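Undergrad: Turn this into a structure:
(one chain, ligands or ions: 1)
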Amino acid sequence: MKADWPIGVFDSGVGGLTVLRALRDRLPTEHFVYLGDTARLPYGTKSRESIERYALQAARLLASHNVKCLVIACNTASAIALDVLRRELAPLPIIGVVEPGAKAGCAVTKSGRIAVVATESTVRGGAYEQAIKTCRPDAVISTRACPLFVALAEEGLTTGPIVEAVAHHYLDGMFSGANRPDTLVLGCTHFPVLAGSIARVIGGEVSIVDSALTTAASLENELRRAALQNESVGRVGSVRLLATDGRERFASVGSIFLGAALRPEDVEIVDLV
Ligand code: DGL
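TA: Below is the predicted model of the structure:
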């Protein structure tokens, strides 16, 4: 592995572009190859076997691009398939988003009552509870699967009455009563774009955190540890975008997540086997 090789970033779709954005902000000289498995999204409703198989195919494709490190930006794939990926692709360093997200939640909570919203598979797998308990054993954790949030974000519907109605549906029960959580971890790539609407529903006193910034810090540490930082000072790194389907949709919805304009011709379509 060489320092000027790119970093692979994988998500089930375009949501992981929120993570890519944070990685680029923190590590501007690094090159990135991003893969969104848009043909098979959502992963969050699939079985463990399918998620592991899909994630492995995606990781192998990125490994074939000579990546020096892999970031699994998809919470569902991180929660379910991280061990398999690390085993199958060793010695490639692989970073997931669940542990950084859990650490971010533990760093801001005062009461120790932490809520996590994620996909069905992430919630079912229990990875967030485990990761939060590791850094804060006395934490009181509540979790809720919010699959409609993924659909709303994919539609580019991030504010307004429909989003807030769905947020009420999922979150009112979690945030009622005297022992309500003081922290909400957004355990899904798609949820950060809904954060404004979610905050309006649960109240501004609840801290909302996602894993993007802490994942970027973990990646920086990993590159330093492995002496793989790209030291081309002053030169902005490149980004290559790969998807398994829908160049136009990737560009239009992806620009919301990336916070920058994307054109269909910026996206290469690839096949996973
Ligand atoms: N990327 C997935 C995650 O972060 C959300 C979308 C999906 O269900 O595939 O869990």
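Undergrad: pretty sure residue 245 is in contact with residue 38, am I right?
TA: Yes - Residue 245 is in contact with residue 38 according to CB atoms under 8 Å; the separation is 4.6 Å. The way it works is simple: take the backbone N, C-alpha and C, and place the C-beta from them, glycine included.
Undergrad: From the neighbour counts alone, determine which of the two ranks first.
TA: Neighbour count, other CB atoms under 10 Å: between residue 245 and residue 38, residue 38 has more, with 23 against 16.
Undergrad: Could you check which helix or strand contains that one?
TA: Using DSSP states H and E, residue 38 sits in no helix or strand.
Undergrad: hey, where'd the helices end up in the stretch 51-200 of the chain?
TA: With DSSP state H, counting those that start in this stretch as the definition, the stretch 51-200 of the chain shows helices at residue ranges 75-89, 98-108, 120-125, 127-135, 147-154, 161-171, 195-202.
Undergrad: how about those helices, which one is nearest residue 223?
TA: Among the helices of the stretch 51-200 of the chain, helix 98-108 comes nearest to residue 223, with 14.6 Å by CB to CB.
Undergrad: near the ligand, anything from the closest one?
TA: No - against the ligand, helix 98-108 shows no contacts by CB under 6 Å from any ligand atom, the least distance being 9.7 Å.
Undergrad: contacts for that helix?
TA: The contact list for helix 98-108 (CB atoms under 8 Å, 6 or more residues apart in numbering) reads 75, 78-79, 82, 114, 116, 122, 127-128, 131-132, 134-136, 139, 183, 185-187, 207, 209-211, 213-215, 217-218.
Undergrad: For the residue nearest to residue 76 when sequence neighbours are not counted, give its distance to residue 3.
TA: Nearest residue to residue 76, sequence neighbours excluded (CB to CB, 6 or more residues apart in numbering): residue 43, at 4.4 Å. Between residue 43 and residue 3 the distance is 31 Å, computed by CB to CB, to the nearest Å.
Undergrad: So between the two, which is more surrounded?
TA: Between residue 43 and residue 3, residue 43 has the larger neighbour count (other CB under 10 Å), namely 26 against 15.
Undergrad: Would you work out how far apart the start and end of stretch 237-247 are?
TA: 22 Å (CA to CA, to the nearest Å).
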